[in-house]
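A.B. asks: Could you work out the structure for the sequence below:
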Amino acid sequence: MIAYIAQRLAAIALILVVMSLLIFGITQVMPGSVAHMIAGQFATPDVVAAIEAKLGLKVVRRHALRNALLPTITVLAIDVGFLIGGIVVVETVFSYPGLGRLLLFAIERHDLPLIQASILIIAAVYCAANLVADILYAYFNPKIRYGRPAH
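C.D. replies: Numbers count the residues shown, from 1 in each chain. As a prediction, this is how the structure comes out:
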């Protein structure tokens, strides 16, 4: 029982390392987006800090952060695709049971219906991530509205 728990904790640790690298990539996008929203494309961290000190953090959070979240949402939606694409490799290397290993098993056995079902599930998750990103775009940027004619 203890060996099983230790094995699961080791698996979770490996997954956390990969997820932390993903979050690190997102944190590299966000400050640049905020700087671009506040002071234009030639902003430096010093200029952004000076503007935040002068305007106040509440103004920056309310106006610049909402628009700066849009590139971050895009990166997150694209990263979901990379994570889904990597499940085959991760589950094969670490011998985890899951959709990636099932897909590899189906490819080895030439099981076409199972391949199609697995790819359909992966594509549906990727489409759902992009749909959530589009909905978040409309929430964070009031200029973006779907379903109404443009004026």
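A.B. asks: I figured residue 121 hits residue 99, correct?
C.D. replies: Yes - counting by CB atoms under 8 Å, residue 121 does reach residue 99; the two are 6.4 Å apart. Placement of C-beta: from N, CA and C, glycine included.
A.B. asks: Look up which helix or strand the nearest residue to residue 122 once chain neighbours are set aside falls in, please.
C.D. replies: Nearest residue to residue 122 in three dimensions, chain neighbours excluded: residue 84, at 5.3 Å (CB to CB, 6 or more residues apart in numbering). Assigned by DSSP states H and E, residue 84 belongs to helix 65-85.
A.B. asks: Residue 117 too?
C.D. replies: Short version: residue 117 belongs to helix 112-140, going by DSSP H and E.
A.B. asks: related to what we said a few turns ago, now the helix holding residue 84 against helix 112-140, angle please.
C.D. replies: 170 degrees (axes from the mean of the first three to the mean of the last three CA atoms, to 10 degrees).
A.B. asks: thinking again about what came up before, now for the residue nearest to residue 122, how many residues are close by?
C.D. replies: Residue 84 has 17 neighbours, counted by other CB atoms under 10 Å.
A.B. asks: mind listing what residue 96 touches?
C.D. replies: Shown in contact with residue 96 (CB atoms under 8 Å, 6 or more residues apart in numbering): 11, 90.
A.B. asks: Brilliant, that's me finished.
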